[in-house]
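could you work out the structure for the sequence below:
(chains A and B)
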Amino acid sequence: MDVATESAMTEIQPARLSQPATFMKRIVLSYRWLALIIILVIWQAVTILVDIGLLPSPGQVILAGWGLLTSGLFFKELAASLVRILLGFGTAMVVGLIVGVSMGSRRFWDEFFEIPVIVGLSLPGLIYAMMAVMILGLGLTTPVIAILLAAYPFVAVNIREGVKATDKELVDMARVYLVDRWRMITKVILPGLLPFIMAAIRVGFTIAWKVAVLTEVFGASTGIGYQLRYNFQLFSMRTMIAWALLFGAVMLVIEYGLLAPAEKYFARWRPKVKEII
Amino acid sequence: MTTIAVSVRDLVKSFGDEGGEHRVLDGITFDVEEGTLTTIVGPSGCGKSTLLNVLAGLESYTAGSVEVRSGEGTAADLGYVFQNPRLLPWLTIKDNIMFVRPQNVAETTHRQRMQHYLDMVGLNGIGHKYPYQLSGGMQQRAGLARGLSVEPAVLLMDEPFSHLDEITAEQMRAELLRIWQETGRTIIFITHDMQEAIQLGDRLLMLGYEGKIVEDIPINLPRPREFTDQSFVDFYADVVSRFHKLQAARAEELAEVEVN
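Coordinates of the predicted model:
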């Protein structure tokens, strides 16, 4: 018996401990870049092995991108696009919040907005972009309206879910202690809604920049979308890819510099979750 | 002279429409004297929590009257300690207690009270932590400190220790009794645990399935009460046998109804 137990014994290793690295350090040293490197290697290999003629090598694209950066053209066009994106995104957030809160809290509004929101969710942003250009022309209202129509349903459904998920037990607790309306909203409702607002911001922003670029392709003489169309007409693949990649880089900066830290800050009261699967 | 802190008269609470009315509470009448600890015991689903929620103003009632004495000066009318502690997870323990500051209490006053009651429940130095960082027992202590911090005329407690392990629960009961004696608060304590009800209460109200108070028993056992004391054992046996008799009588009644 004793012998049997002994042979069956295995030393228990502690479960993997979470790395105590700082946030920035974890981004710089993480595996995220690995995917990027692999893509670059494959890309380079394809341009060497298969002579398609059209596909520029990574080196050519980096060179083109460097040119865009040093000439200042990239920043000028980025600024033009960002103005449209932020204005449209802001409007979509405001409208989406109002619609979402109404839908989440009142049955009348829930049913009233149901069909517009479902249809809005399913229509591609391209339709809004084309229609806005046709109806509104080339002004600033075009991208703003297109983004608003394309993005607000996504914001609204997220917020609606958040309002419906409000913890009634906590609301009752606050009511027993006769907490005033202001404290109820700022300390009970909003903090519970925050993860849903963050999700809405993410999806809203993604749609905003996609639709903004689309409207620029059809109806603008500035911005990244315009540059894409311009280089498309010149048949300059390397510049097009350079624009696209630089734009992607800006999105990464926004994600890691703004959204991820904000999410981390708002989740400070939650227990840290380790890798489960 | 004794003062009445809670007065309930012919309280009826029913659900459903004319067709299928279901009375959860059916003619509940009782008074609670100031400074006493009343335990309300009953099986699950007998309407204990509904009764407490009516007292707390969280649920409406169909008929009768419910009066809770107003707190004097800066004291609140009610404090409530919930079964699930219901702490705001995004606020620290201190902020959770500051959150319930009554409108007529100055912030500095409430801060002093918060410190005082955190000390009393043994959470000194824990105030900066978030709820998830505390054990279930400590969260419940925080809930108790929050309830005490408003210095309520009546403190309602809804099975606050039922989610805790027995060792922690036993400790919490002893502490609750100490705090009750220290503060002289009027406490209404709901539980499904007959032993807990007898150990804590001055008086035991037994709620039956039909939403009525079926027994109202003063508990004059000397304190501290141990489960193993002969007087406790005898008292417990007596209460349980009374409850069983009631159950049997009810079963007979139901059987008769069925026959007819």
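
switch to C-alpha atoms for all contacts and neighbour counts from now on
OK.

now do the same contact list for whichever residue of the stretch 1-150 of chain B sits closest to chain A.
Residue nearest to chain A within the stretch 1-150 of chain B (Cα to the nearest Cα): B:Trp90, separated by 5.1 Å. Counting by Cα atoms under 8 Å, 6 or more residues apart in numbering or on different chains, B:Trp90 makes contact with A:Pro191, A:Arg268, A:Trp269, A:Arg270, B:Tyr130.

and for A:Leu194?
A:Leu194 sits next to A:Phe266 when contact means Cα under 8 Å, 6+ apart.

and for the one 3 residues further on?
When contacts are counted by Cα under 8 Å, 6+ apart, A:Ile197 is found next to A:Val155, A:Asn158, A:Ile159, A:Gly162.

redo that, cut-off 10 Å
Residues near A:Ile197 by Cα atoms under 10 Å, 6 or more residues apart in numbering or on different chains: A:Met93, A:Leu97, A:Val155, A:Ala156, A:Asn158, A:Ile159, A:Gly162, A:Leu190, A:Pro191, A:Val203.

now do B:Met138
Contacts of B:Met138 by Cα under 10 Å, 6+ apart are B:Pro85, B:Val121, B:Gly122, B:Leu123, B:Ile126, B:Pro131, B:Leu144, B:Thr168, B:Met172.

in terms of helices and strands, where is it?
Element membership of B:Met138 [criterion: DSSP states H and E] is helix B:136-149.

average pLDDT for that helix?
For helix B:136-149, mean pLDDT is 94.

tell me the pLDDT of the residue of the stretch 1-150 of chain B closest to chain A.
pLDDT, B:Trp90: 94.

next one: it from A:Arg160, what distance?
B:Trp90 sits 21 Å away from A:Arg160, going by Cα to Cα, to the nearest Å.

now the contacts of B:Trp90 as TSV including neighbour count, secondary structure and distance to B:Gly64?
Below are those laid out as TSV (neighbours: other Cα atoms under 10 Å in any protein chain shown; DSSP: H, G, I helix; E, B strand; the rest coil; distance: Cα to Cα, whole Å):
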residue	neighbour count	secondary structure	distance to B:Gly64
A:Pro191	19	helix	39
A:Arg268	11	coil	47
A:Trp269	18	coil	44
A:Arg270	14	coil	44
B:Tyr130	23	coil	42
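
dump the residues you listed to CSV, plus pLDDT and distance to A:Leu234.
CSV is the format used below for the contacts of B:Trp90 (pLDDT from 0 to 100; distance: Cα to Cα, whole Å):
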residue, pLDDT, distance to A:Leu234
A:Pro191, 93, 51
A:Arg268, 83, 50
A:Trp269, 85, 53
A:Arg270, 82, 52
B:Tyr130, 94, 59
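
any idea how many residues pack against A:Ala249?
12 (other Cα atoms under 10 Å in any protein chain shown).

which residues touch it?
Contacts of A:Ala249 (Cα under 10 Å, 6+ apart): A:Trp243, A:Glu255.

and if we set it to 7 Å?
With contact set as Cα atoms under 7 Å, 6 or more residues apart in numbering or on different chains, A:Ala249 has no partners.

which residue is the nearest non-sequential neighbour of B:Thr168?
B:Gly137 (6.5 Å; Cα to Cα, 6 or more residues apart in numbering or on different chains).

okay but the one you found is in contact with B:Asp165, surely?
No: the pair B:Gly137 / B:Asp165 is not scored as a contact, 8.6 Å apart, by Cα atoms under 7 Å.

more neighbours: which of the two?
A direct count of neighbours by other Cα under 10 Å for B:Gly137 and B:Asp165 places B:Gly137 higher, at 19 against 11.

contacts for stretch A:34-46?
Here stretch A:34-46 has contacts from A:Ser57, A:Pro58, using Cα under 7 Å, 6+ apart.

give the buried residues for it.
A:Gln44 (16 or more other Cα atoms under 10 Å in any protein chain shown).

how about stretch B:123-130?
For stretch B:123-130, the neighbour count (16+ other Cα under 10 Å) marks B:Leu123, B:Ile126, B:Gly127, B:Tyr130 as buried.

and what of stretch A:56-68?
Of the residues in stretch A:56-68, A:Pro56, A:Ser57, A:Pro58, A:Val61, A:Ile62, A:Ala64, A:Gly65, A:Leu68 count as buried by neighbour count, 16+ other Cα under 10 Å.

does B:Trp90 sit in a helix, a strand or a coil?
Under DSSP: H, G, I helix; E, B strand; the rest coil, B:Trp90 falls in the coil class.
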